[in-house]
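# Sequence and predicted structure, then a few things I'm wondering about:
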Amino acid sequence: MAPTHATPPHPETAGAGAAVAEPVPVLEARSVSKRFPGVVALDDVSFALRAGEVHALVGENGAGKSTLIKVLTGVYQSDEGEVRVSGQPVRFARPFEAQQAGISTIYQEVNLVPLMSVARNIFLGREPKNRFGLIDFPRMNRETTELLDGFGVRVDPKRPLHTLGIGTQQMVALARAVSVQAQVVIMDEPTSSLEPREVETLFRVIENLRGQGIAVLYVSHRMDELYRICDRVTVLRDGRHIHTGELAPLERMQLVSMMLGRDMAEVRRDGLTGFAAEGHDAARTPVLTAKGLNRRHQLHGISVELYAGEVLGLGGLLGSGRSETAKALTGALPLDGGEITVDGKRLGRPTPAAAIRAGISMLPEDRKAEGIVPGLSVRENIVLAAMPRLSKAGIVSRAKQDRIVDIFMKRLRIKASSPEQKVGELSGGNQQKVLLARWLCLEPKVLLLDEPTRGIDVGAKAEVQSLIDELAREGLAVLLISSDIEELIEGADRIVVLRGGAVAGELAGDEVDESRLLEVLADHTPDTVNHTPDTVNRAPGAVLADRTPDAGPSDRTPHAAPGDHTPEPGGKAPAGQEDPR
């Protein structure tokens, strides 16, 4: 049960009778404003975080959440207002100063050093020294192992960070954040890359922090998480403060209504996803066929068919091979065997360029690392893939660029001060729309979407889901990868479930429901089926063995580090090692 806290009167809502002495907030923003060219990111926002509470910060993408966090942590300096730590005014010139003041931050996109070891990342800037003043590596590696053991992460502390999967990297970032003896821990979408088991570990850590009197500012779009662990909530909309109060008495629809600025009755009528109730009319001939896709230790005889006008869901846990399958279809992951055809024409040697020419486009899972170019403008990011088509004799028509950009900024409702604004300055939801625009302007036949609504707010999420519906109705073949079960159930016409890099089952028609999907995901029947191309066309519900629940954290890295043991499909990593799948 969450502890009860007296709710401090918010500066905007405090009345004359609210003269009761309140504990001094451990972190506070008073009437903070922040402007960028053509955009008011924060407009007179006040916020208070109290010791020992878990405080949710919610709002649509572009509401000002990230900007507020960056002001609190010294990435940005406010134009007006002030930040206070334990009642004392501060003005952080850089994030390191905020960290020294006891404020630690975990960002949605892992902000660590990929080429450094796990231990070096955790102790970066505060490495233990021996009596000669040199880094004490044995001690640092030992303390790293002890720290990660508390998070259920079994990994060699000397292993380079980039060889780990996204979920494991996020756990390393979490371990670093809580190891600096902070009085405030800010978590920005911390569960977006985690498996359910890792999420439970995170929640235990948060409870421990709460018990130690450490304040947690928790940013998430996942309502179940918020209502489970948060005490209070602050809602931002369009850069303004809308509400602060206890979370438990607040109805979910009411919270969404405040975030969107829509009437609660309207939210109830439209629901929380943007998918239409009825399905799609798919063609009878597949536009894309993949047979027997194999890659050592990653994919085992995967076969799928995708039809024009349908949304095919690809389900499975992290590490099940979903992203690898999508990358294989686009030629980004070299295959050891298998065949891919588009409109009956075989892709001889699949490469990204060949896939694009054949009409296959993909929205990657990690938009920061594999999608946007943050230093380029919205216009430049949208037309990036279309440049060869827009050029003549090596000269690119600016008029054609502007015409395409104008069409897709309006169609996808991309919020930016102008097409020349840097895409890195946009909210996550608008960055995702820019990436969608980049591939849609190529008029693809097949669109592969890997976690398209990950880390974006409910409003932008509904817009993206509605767009997926619209594209399917226009005849586009869509492959949807999502960890959100509700999104898969409501958005997909069929669902192919993967586990351990192989097809575990297929759901279609009335079988596409949550209980049946969870049944296939959770089934751990011993593997009696060989991973060969001629065994993948199984009846719905056929199941292959997967990692047992006590297996190590998921790791999507294609290549294990030298010396790492790679388990056979369906097996577990040896004790003390992480499953490299």
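That came through, no problem.
# Following the chain onward from the worst-scoring helix or strand of the chain on mean pLDDT, which element is next?
Lowest mean confidence among the helices and strands of the chain (mean pLDDT, DSSP states H and E): helix 264-270, at a mean of 58. Tracing the chain C-terminally past helix 264-270 and defining elements by DSSP states H and E, one meets strand 286-295 next.
# Partner strands of that following strand, with direction?
Paired strands of strand 286-295, with direction, are strand 299-307 (antiparallel), strand 337-342 (antiparallel) (DSSP bridges).
# Low-confidence bits of the stretch 351-500 of the chain, can you list those?
The stretch 351-500 of the chain contains residues with pLDDT under 70 at 455, 457.
# Please name the spatially closest residue to Ala508 (chain neighbours excluded).
What sits nearest to Ala508 in space, not counting adjacent residues and going by C-beta to C-beta, 6 or more residues apart in numbering, is Arg494, at 4.6 Å. C-beta: built from backbone N, CA, C; applies to glycine.
# Name the SS class of Arg154, please.
The three-state assignment at Arg154 reads coil, by DSSP: H, G, I helix; E, B strand; the rest coil.
# measure it to Thr145 for me?
Per C-beta to C-beta, to the nearest Å, Arg154 is found 9 Å from Thr145.
# cool, Arg91 as well?
Distance from Arg91 to Thr145, by C-beta to C-beta: 38 Å.
# Also Pro419?
Relative to Thr145, Pro419 is positioned 49 Å away (C-beta to C-beta).
# ok, now Ile242?
45 Å.
# Now do the contacts for Met187.
Neighbouring residues of Met187 by C-beta atoms under 8 Å, 6 or more residues apart in numbering: Ile106, Leu174, Ala177, Val216, Leu217, Tyr218, Val219, Ser220.
# give me that answer again for 7 Å
Residues in contact with Met187 (C-beta atoms under 7 Å, 6 or more residues apart in numbering) are Ile106, Val216, Leu217, Tyr218, Val219.
# And Val512, by the same measure?
Val512 makes contact with Ile489, Ala492, Ile495, according to C-beta under 7 Å, 6+ apart.
# The second one touches Leu480, doesn't it?
Yes. With the criterion set as C-beta atoms under 7 Å, Ala492 and Leu480 qualify as a contacting pair; they are 5.8 Å apart.
# Between these two, tell me which one has more neighbours.
A count of neighbours by other C-beta atoms under 10 Å puts Ala492 above the other of Ala492 and Leu480, at 28 against 25.
# which residue ranges form the helices in the stretch 451-581 of the chain?
All helices of the stretch 451-581 of the chain, identified by DSSP state H, counting those that start in this stretch, fall at 458-473, 485-491, 514-522.
# burial of Gly150, as a residue count?
Count around Gly150 with other C-beta under 10 Å applied: 14.
# Could you export the contacts of Val512 to TSV, including columns for distance to Met259?
What follows is the contacts of Val512, written out as TSV (distance: C-beta to C-beta, whole Å):
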residue	distance to Met259
Ile489	23
Ala492	26
Ile495	29
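# Out of the residues you listed, the closest to Glu22 would be?
Set against Glu22, the nearest of these by C-beta to C-beta is Ile489 (44.6 Å).
# Kindly provide the distance from that closest one to Ala460.
For Ile489 relative to Ala460 (C-beta to C-beta), the value is 20 Å.
# Find residues that contact each of Ala492 and Leu480.
Val311, Leu312, Gly313.
# what about the second one, how many residues close to it?
By that I understand Leu312. Using other C-beta under 10 Å, Leu312 has 25 other residues around it.
# check which helix or strand covers it.
Element membership for Leu312, per DSSP H and E: strand 311-315.
# Would you mind pulling up the elements that the helix or strand that that strand is followed by packs against?
Tracing the chain past strand 311-315, the next element assigned as helix or strand by DSSP H and E is helix 322-329. Judged by 3 or more C-beta pairs under 7 Å, 6 or more residues apart in numbering; DSSP states H and E, helix 322-329 is in contact with strand 286-295, strand 299-307, strand 446-450, strand 477-481.
# quick one: the helices in the stretch 101-250 of the chain?
Counting by DSSP H, counting those that start in this stretch, the helices of the stretch 101-250 of the chain are 118-122, 137-149, 166-178, 196-211, 223-229.
# Return the alpha-carbon coordinates of stretch 233-252 using CSV.
Extracted C-alpha coordinates of stretch 233-252, given in CSV (Å, rounded to 0.1, in the frame of the first residue of the first chain):
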residue,chain,number,x,y,z
VAL,A,233,0.3,13.3,-10.1
THR,A,234,1.0,16.5,-11.9
VAL,A,235,-0.6,17.1,-15.3
LEU,A,236,0.9,19.4,-17.9
ARG,A,237,-0.7,20.5,-21.2
ASP,A,238,0.7,22.8,-23.8
GLY,A,239,3.4,23.9,-21.5
ARG,A,240,1.0,24.9,-18.6
HIS,A,241,0.3,23.3,-15.3
ILE,A,242,-3.2,21.8,-15.3
HIS,A,243,-3.5,19.7,-12.1
THR,A,244,-1.6,18.4,-9.0
GLY,A,245,-3.2,16.1,-6.5
GLU,A,246,-3.5,12.6,-5.1
LEU,A,247,-3.6,9.9,-7.9
ALA,A,248,-5.6,7.1,-6.3
PRO,A,249,-9.0,9.0,-6.2
LEU,A,250,-8.6,10.2,-9.8
GLU,A,251,-10.5,8.1,-12.3
ARG,A,252,-8.3,7.1,-15.3
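# In that stretch, which residues are buried?
233-237, 239-244, 247, 250 (16 or more other C-beta atoms under 10 Å).
# Now do that stretch: everything it contacts.
Residues contacting stretch 233-252 (C-beta under 7 Å, 6+ apart): 7, 10, 12, 40-43, 45-47, 55-60, 63-65, 223, 226-227, 230-232, 255, 258-259, 261.
# at 8 Å what do you get?
2, 7, 10, 12-13, 40-48, 55-60, 62-65, 67-68, 223, 226-227, 230-232, 255, 258-261.
# can you redo the helices of the stretch 101-250 of the chain as TSV with mean pLDDT, distance to Cys441 and mean neighbour count?
Below are these laid out as TSV (pLDDT from 0 to 100; distance: least, C-beta to C-beta, whole Å; neighbours: other C-beta atoms under 10 Å):
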stretch	mean pLDDT	distance to Cys441	mean neighbour count
helix 118-122	92	38	24
helix 137-149	92	44	17
helix 166-178	81	28	23
helix 196-211	85	37	17
helix 223-229	90	34	16
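# Show me which of Ile489 and Ala460 is the more surrounded one.
Legend: neighbour count by other C-beta under 10 Å for Ile489 and Ala460, higher for Ala460 (25 against 20).
# that older thread, right, and the residue nearest to Ala508 touches Asp510 too?
No. In this structure, Arg494 is not within contact of Asp510 by C-beta atoms under 8 Å, at 11.8 Å.
# which of these two has more neighbours?
Arg494 (22 against 7).
# That one pairs with what?
Leu312, Ala508.
# any idea how far it lies from Val45?
From Arg494 to Val45 the distance is 45 Å (C-beta to C-beta).
# And for Glu370?
For Glu370, the distance to Val45 - C-beta to C-beta - is 33 Å.
# Could you check which of the two has the larger neighbour count?
Val45 (26 against 14).
# Report the contact partners of that one.
Taking C-beta under 8 Å, 6+ apart as the test, what Val45 contacts is Ala29, Ser31, Val32, Ser33, Gly64, Leu68, Gly81, Leu236, Gly239, Arg240, His241.
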